[in-house]
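**Student:** give me a model of this one.
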Amino acid sequence: MSQPDAPILDIRNVAKAYDGIPALRDVSLQAAPGAIVCLLGPSGCGKTTLLRLIAGLEQPDSGTIVFAGRALPGVPTHQRGFGLMFQDYALFPHRDVAGNIAFGLRMQHLPPEHIRARVAEMLALVGLAGYEHRRVYELSGGERQRVALARSLAPSPRLLMLDEPLGALDRALRERLLDELRDILKRVGVTSIYVTHDQAEAFAIADWLVLMQAGQIAQQGPPEAVYRQPVSAFVARFMGHSNLVAGQVIGQEETDVVVDTALGRFVSAGGGPNIARGSAVLVVLRPEAATLAGALEPAGPNQLHGTVTERSFRGSRTRLVVQPAAGPALTFELDAAALPPVGAPITLRLRPEAISLIPDPNGYNTSERAPNG
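**Tutor:** Residues are numbered from 1 along each chain as shown. Predicted coordinates:
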């Protein structure tokens, strides 16, 4: 899957090892001009290593990294014209806000009047107009984050790299700043590589999502596409889809695929690959798939019967854990006002568009199939 615009950053078949242990293996991705590309994955998956290779802090063992038509290996870090923003902000405590933002501009030997105007422009951009003479220790965590962003953007970098930039903030503040950060990056129009381990953060910030696993790309694409159609059990679970049920394809009509499972029969609407009849699959029941079935609703596919084992109020939605008669417990989030209490039976209706399929290399035990519902 490729992005629609011609890439300004083109990474092809990059590999990197440390003491013979692979950190990156055959990594290829592209970034369109002005796009925010998010490298997502657990600790140790290789996302920060890839960022360091792009920055020039490390060199790849093989493969190519090209920016704006120029191969980067061999180009010193300071000549690449890239900006970096780190989790700890790396602000200079002995300088005031203006001094921190002006640092990169002074390194470019710009005239003082140009530096003052650019500092004021950056402070206005990040919502800190008038903060020029504040000391770093006087700032809140969110304000420090904005100063670090302003300092990174001040020299007009050709590419901005952000390594867990919100990781030091509490969740409430991080969520408030996410939309603001995306808006700033889009207004500036700078191509950005954003590293995080947080799925919600990646969904909110990215135009293009690259999910990494053990030094390789597990899946990449628009965030919504990766969320709605994971290509492996790892991707599904990392996206927060814990409901994976073994099944077998028994029919297909246009975009609808019918699957038999131990829990009954499910229909997936337009959310899976073209899988042949008889193929083993994992059925992904996304947490938002379920609605409460009516008492008089006739039996049929996409119904799930079980017992409520956990119930947790989450504000606008309620999280339910349901134990079917066969198979593992399943977790859903519903917005229904009147849900059964813990210990009560429940029947759920699962929306076909919130069910996707993954080819299952481990096969499917047909003896566990439930009768037609």
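
**Student:** I'd assumed Pro157 was in contact with Thr191.
**Tutor:** No - between Thr191 and Pro157 there is no contact under CB atoms under 8 Å: 9.0 Å. No exception for glycine: its C-beta is placed from N, CA and C like everyone else's.

**Student:** please enumerate the helices of the stretch 1-150 of the chain.
**Tutor:** Applying DSSP state H, counting those that start in this stretch to the stretch 1-150 of the chain gives helices spanning 47-55, 97-107, 112-125, 141-153.

**Student:** which one's more surrounded, Thr191 and Pro157?
**Tutor:** More crowded of Thr191 and Pro157, by other CB atoms under 10 Å: Thr191, with 23 against 20.

**Student:** grab the longest helix from this structure for me.
**Tutor:** The longest helix of the chain (DSSP state H) is helix 171-188.

**Student:** quick one: it to helix 141-153, angle?
**Tutor:** On the basis of axes from the mean of the first three to the mean of the last three CA atoms, to 10 degrees, helix 171-188 is oriented at 20 degrees to helix 141-153.

**Student:** can you tell me what sits against helix 171-188?
**Tutor:** The contact list for helix 171-188 (CB atoms under 8 Å, 6 or more residues apart in numbering) reads 34, 36, 125-127, 141-142, 145, 149, 153, 160, 165-166, 169, 192, 200-201, 204-205.

**Student:** which strand or helix spans the residue most central in space within the chain?
**Tutor:** Nearest residue to the geometric centre of the chain (CA atoms, centre = their mean): Ala202, 3.4 Å. Element membership for Ala202, per DSSP states H and E: helix 199-205.

**Student:** swap in Val284?
**Tutor:** Per DSSP H and E: strand 280-285 holds Val284.

**Student:** the helix or strand following that strand pairs with which strands?
**Tutor:** Using DSSP H and E, the helix or strand that follows strand 280-285 in sequence is strand 290-292. Take DSSP bridges as the rule and strand 290-292 pairs in its sheet with strand 345-350 (antiparallel).

**Student:** which residues touch the partner strand?
**Tutor:** 266, 285, 289-293, 297, 302-308, 320, 322, 332, 339-340.

**Student:** other SSEs contacting the strand holding Val284?
**Tutor:** helix 233-238, strand 244-253, strand 256-261, strand 264-269, strand 355-359 (3 or more CB pairs under 8 Å, 6 or more residues apart in numbering; DSSP states H and E).

**Student:** if we use 7 Å, what do you get?
**Tutor:** With contacts taken as 3 or more CB pairs under 7 Å, 6 or more residues apart in numbering; DSSP states H and E, strand 280-285 sits against strand 244-253, strand 256-261, strand 355-359.

**Student:** show me where pLDDT drops low in the stretch 201-350 of the chain?
**Tutor:** In the predicted model of the stretch 201-350 of the chain, residues 270-274, 295-296 satisfy pLDDT under 70.

**Student:** quick check: end-to-end length of stretch 206-226?
**Tutor:** Distance between the two ends of stretch 206-226: 12 Å, counting by CA to CA, to the nearest Å.

**Student:** please apply the same query to stretch 116-133.
**Tutor:** 12 Å.

**Student:** which parts of this protein belong to which domain?
**Tutor:** What the record gives for the chain is the domain set 9-233, 234-368, from automatic domain parsing.

**Student:** pull out the buried members of the contacts of strand 345-350.
**Tutor:** Buried by 16 or more other CB atoms under 10 Å: 266, 285, 289-290, 292-293, 302-308, 320, 322, 332, 340, out of the contacts of strand 345-350.

**Student:** hmm, Arg95 and His133 touching each other?
**Tutor:** No - assessed by CB atoms under 7 Å, His133 is found out of contact with Arg95, at 10.7 Å.

**Student:** who's more crowded, these two?
**Tutor:** Counted by other CB under 10 Å, His133 and Arg95 do not tie: Arg95 has more neighbours, with 14 against 10.
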